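Undergrad: need a structure here:
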Amino acid sequence: MKTEFIQELKTKHRIIIGDSRNMEEIDDESVHLMITSPPYPMIEMWDDIFRQLDERIEKTWEKMEVENSKKRKEKYIREIYELMHENLAQVWKETYRVLVKGGIACINIGDATRSFNGIFRLFPNHSKVIEHCERIGFVTLPYILWKKPTTKPKYKGKGAFLGSGFLPPNAYITIDCEFILIFRKGELRKFKPHDELRYASRYTKNERDSWFTQIWDIVGIKQTLPEVERRVAAFPEEIPYRLIRMFSIIGDTILDPFLGTGTTTKIAINLKRNSIGYEIDESLLPVIKEKVGITQKLLNSDYSVKIVKRF
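TA: As a prediction, this is how the structure comes out:
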């Protein structure tokens with residue numbers, strides 16, 4: 001395909017300020033790739049988001065906080081955890097609906113460690129997401145482990161450690177990886193023979209060899225803007241860049257149902273893909289506009305951005 005055609009290709013982008021548990025703005029089987037990083041259940045900085053999303057979580061949380069019986073409190077903790085994932089699963093179900101046959105969903109999720117009811121424990125978020133997605137109908141593919149050195153807690157300035165000195169057996173493994181779970185809707189996506197856009201989207205041998213491996217060592221990005229201080233481990237651009245190159249072709253439509261600061265939209269624009277992003281927090285809109293270049297966009301640019309406020 002001629003380079004001139006690719007350069008002249010105009011892409012369209014929609015940013016929807018609304019709840020992605022209902023993606024009524026998107027037609028069935030019209031999205032080719034979903035990439036997102038949702039709020040992580042049982043991570044403290046996202047507690048309030050889940051409590052505001054679902055009154056069942058709020059009510060159960062209130063019961064848990066005043067409960068004196070450890071057995072009943074344990075029951076409430078498990079209920080809260082299940083409800084959080086139930087809410088995320090509504091987004092995965094909508095994603096399944098809007099994906100084309102053979103479309104791919106990539107979900108960046110971290111497990112949570114936390115003390116509840118006097119017990120330190122792991123909440124295995126990645127396994128719950130897999131469980132819900134398989135129940136919806138997704139095919140689970142090999143996942144990626146994203147090693148995040150910036151997330152390591154320090155023990156007296158030396159490395160990562162959770163425990164008491166050097167005495168076994170009561171120390172804990174440090175979580176320094178997150179999961180990039182990969183799912184497909186049904187069988188392999190089909191293309192016409194020698195599809196020009198597909199061939200124009202090819203990656204190099206070096207890219208293939210470094211990207212299609214299970215461990216990615218990419219440093220997380222810390223946001224310094226006051227509006228996004230709660231997103232302490234922002235989605236680095238390298239991750240959606242790789243995933244878009246790996247699992248879509250030029251001209252495809254990319255979805256991010258938890259858009260955050262707009263990183264996925266920015267990379268989709270740069271890679272000549274269309275995109276749709278949902279963000280429930282309207283206060284992030286100025287940051288999104290800045291990131292995707294709306295404030296500086298020229299009239300003759302090769303992409304358009306439409307912002308829809310559902311509220």
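Undergrad: quick one, helices of the stretch 1-150 of the chain?
TA: 3-8, 47-53, 55-66, 70-98, 125-136 (DSSP state H, counting those that start in this stretch).
Undergrad: Turn these into a markdown table, including mean pLDDT and distance to residue 216.
TA: C-betas here are computed from N, CA, C, even on glycine. Compiled in a markdown table, the helices of the stretch 1-150 of the chain are given as follows (pLDDT from 0 to 100; distance: least, C-beta to C-beta, whole Å):
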| stretch | mean pLDDT | distance to residue 216 |
| --- | --- | --- |
| helix 3-8 | 68 | 27 |
| helix 47-53 | 96 | 26 |
| helix 55-66 | 97 | 32 |
| helix 70-98 | 97 | 22 |
| helix 125-136 | 98 | 15 |
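Undergrad: Minimum distance to residue 273: which of the ones you listed has it?
TA: Closest to residue 273 of the helices of the stretch 1-150 of the chain, according to C-beta to C-beta: helix 3-8, at 11.8 Å.
Undergrad: rewinding a little: let me know which of the helices of the stretch 1-150 of the chain is the nearest to residue 278.
TA: helix 70-98 (8.5 Å).
Undergrad: that older thread, need the helices of the stretch 1-150 of the chain in a markdown table (columns: distance to residue 114).
TA: Formatted as a markdown table, the helices of the stretch 1-150 of the chain follow (distance: least, C-beta to C-beta, whole Å):
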| stretch | distance to residue 114 |
| --- | --- |
| helix 3-8 | 48 |
| helix 47-53 | 10 |
| helix 55-66 | 13 |
| helix 70-98 | 10 |
| helix 125-136 | 11 |
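Undergrad: what about these, which gets the closest to residue 271?
TA: Once these are compared by C-beta to C-beta, helix 3-8 is nearest, at 10.7 Å.
Undergrad: Residue 141 is in contact with residue 183, isn't it?
TA: Yes: contact criterion C-beta atoms under 8 Å: residue 141 and residue 183 qualify, at 6.4 Å.
Undergrad: in the longest strand along the chain, what's buried?
TA: When the chain is parsed with DSSP state E, its longest strand is strand 99-109. For strand 99-109, a neighbour-count test (16 or more other C-beta atoms under 10 Å) marks 99, 100, 103, 104, 105, 106, 107, 108, 109 as buried.
Undergrad: can you pull the pLDDT of the last one?
TA: pLDDT recorded at residue 109 is 97.
Undergrad: And the fourth one, by the same measure?
TA: For residue 104, the model assigns a pLDDT of 98.
Undergrad: Pull the number of nearby residues for the residue nearest to it when sequence neighbours are not counted.
TA: With C-beta to C-beta, 6 or more residues apart in numbering as the criterion, residue 104 has its nearest non-adjacent residue at 4.3 Å, and that residue is residue 247. A total of 21 residues lie near residue 247 under the criterion other C-beta atoms under 10 Å.
Undergrad: distance of the residue of the chain most remote from its centre from residue 175?
TA: When distances are taken from the C-alpha mean of the chain, residue 167 lies farthest, 37.8 Å away, according to C-alpha atoms, centre = their mean. Relative to residue 175, residue 167 is positioned 21 Å away (C-beta to C-beta, to the nearest Å).
Undergrad: which ones are touching the residue nearest the centre of the chain?
TA: Nearest to the mean C-alpha position of the chain, by C-alpha atoms, centre = their mean, lies residue 37 at 1.6 Å. Residue 37 makes contact with 107, 108, 109, 235, 258, 260, according to C-beta atoms under 8 Å, 6 or more residues apart in numbering.
Undergrad: Recalculate using a threshold of 7 Å.
TA: Residue 37 makes contact with 108, 235, 258, according to C-beta atoms under 7 Å, 6 or more residues apart in numbering.
Undergrad: just residue 180 next, same as before
TA: 106, 108, 143, 144, 146.
Undergrad: let's go with 6 Å and repeat that
TA: Shown in contact with residue 180 (C-beta atoms under 6 Å, 6 or more residues apart in numbering): 106, 108, 144, 146.
Undergrad: Is it in a helix, a strand, or coil?
TA: At residue 180, secondary structure determined by DSSP: H, G, I helix; E, B strand; the rest coil is strand.
Undergrad: burial measure for residue 83, as a count.
TA: 19.
Undergrad: just to revisit the earlier point, could you say what helices and strands the longest strand of the chain packs with?
TA: Judged by 3 or more C-beta pairs under 6 Å, 6 or more residues apart in numbering; DSSP states H and E, strand 99-109 is in contact with strand 31-36, helix 125-136, strand 177-184.
Undergrad: what ranges do the strands span in the stretch 201-311 of the chain?
TA: Counting by DSSP state E, counting those that start in this stretch, the stretch 201-311 of the chain has strands at residues 215-217, 253-256, 274-279, 303-309.
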